[in-house]
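Trainee: My questions are about this predicted structure, shown below with the sequence.
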Amino acid sequence: MANFRHRLAKSQRRAYDRSNEIASLRLRATPRLARAVSLLPVALAGDYPTETERRRKVNKVAQVICDEVCQVMQVSPLRVTVKGVRPIRDDAEYHGLYVSEGRSHEITVWMYTAKRRQVVAPRTLLRTLVHELVHHLDYTKLELEESFHTDGFFKRESSLVRQVESAARRVAGAAPGRTGDALALKSPRANDAC
């Protein structure tokens, strides 16, 4: 990444260096966040009458995950959109996208691979969602002018993934076999239960 840094403007280098220095973000995972993370594989693998219904369920769970992280981190909320097949750009698949315009913040993730059109692995979708959340946190929590893919950025991403997965494992261990009311989630943005 050193080759990239030298091409940045001075203010961008400051943001890059600051991003690189921050290796983790502390997250107090709520029970609701832990339940949503544990529900993501269930939503992805569920037997639905249509693919639209699968995407709607996955979108609800992803929205709850983002709502909880934003609330705990005390940053502005964002909207999550789960789309179907990943688009291809320059022989690479898009996994996720973060867009911020004024007070509007949105994460888009895709849940089917481009070539085989298979449902992505739950951990892959979670990592993608958290990756885009880290961009949001870079701007809103850390107040960075830009969100670069620094070593620090990827460390923050890994740190958050480990924290939410650990919380989900604790919830799963506390309630073995519970898939009904313990996992029924409501999002302020999605009114029906998952």
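Mentor: Perfect, I can see it now. Residues are numbered from 1 along each chain as shown.
Trainee: which SS state does the most centrally placed residue in the chain fall under?
Mentor: In the chain, the residue lying closest to the centroid (Cα atoms, centre = their mean) is Leu129, at 2.0 Å. Put simply, Leu129 is helix when judged by DSSP: H, G, I helix; E, B strand; the rest coil.
Trainee: List the residues that contact it.
Mentor: Ala62, Ile65, Cys66, Val80, Gly96, Ile107, Val109 (Cβ atoms under 8 Å, 6 or more residues apart in numbering). (Each C-beta comes from the backbone N, C-alpha and C, glycine too.)
Trainee: that's a strand at the last one, yeah?
Mentor: Going back to what we said before, that points to Val109. Yes. According to three-state DSSP, Val109 belongs to a strand.
Trainee: can you count the residues close to it?
Mentor: 25 (other Cβ atoms under 10 Å).
Trainee: Not counting residues beside it along the chain, what's closest to it?
Mentor: Gly96 (4.5 Å; Cβ to Cβ, 6 or more residues apart in numbering).
Trainee: The third one now?
Mentor: What sits nearest to Cys66 in space, not counting adjacent residues and going by Cβ to Cβ, 6+ apart, is Val80, at 5.2 Å.
Trainee: element containing the one you found, please.
Mentor: Using DSSP states H and E, Val80 sits in strand 79-85.
Trainee: buried stuff in that strand?
Mentor: Buried residues in strand 79-85, counted by 16 or more other Cβ atoms under 10 Å: Val80, Val82, Lys83, Val85.
Trainee: who's the residue nearest to Cys66 bridged to?
Mentor: Beta bridges link Val80 to Ile107, judged by DSSP bridges.
Trainee: what residues are up against it?
Mentor: Asn59, Ala62, Gln63, Cys66, Glu106, Ile107, Thr108, Val109, Leu129.
Trainee: pLDDT below threshold where in the chain?
Mentor: Applying pLDDT under 70 to the chain flags residues 1-3, 174-194.
Trainee: Would you state the helices of it in chain order?
Mentor: 2-5, 10-21, 31-45, 51-73, 122-140, 151-174 (DSSP state H).
Trainee: Redo those helices as a markdown table? Include distance to Thr113.
Mentor: Shown next, in a markdown table, are those (distance: least, Cβ to Cβ, whole Å):
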| stretch | distance to Thr113 |
| --- | --- |
| helix 2-5 | 28 |
| helix 10-21 | 30 |
| helix 31-45 | 13 |
| helix 51-73 | 14 |
| helix 122-140 | 9 |
| helix 151-174 | 20 |
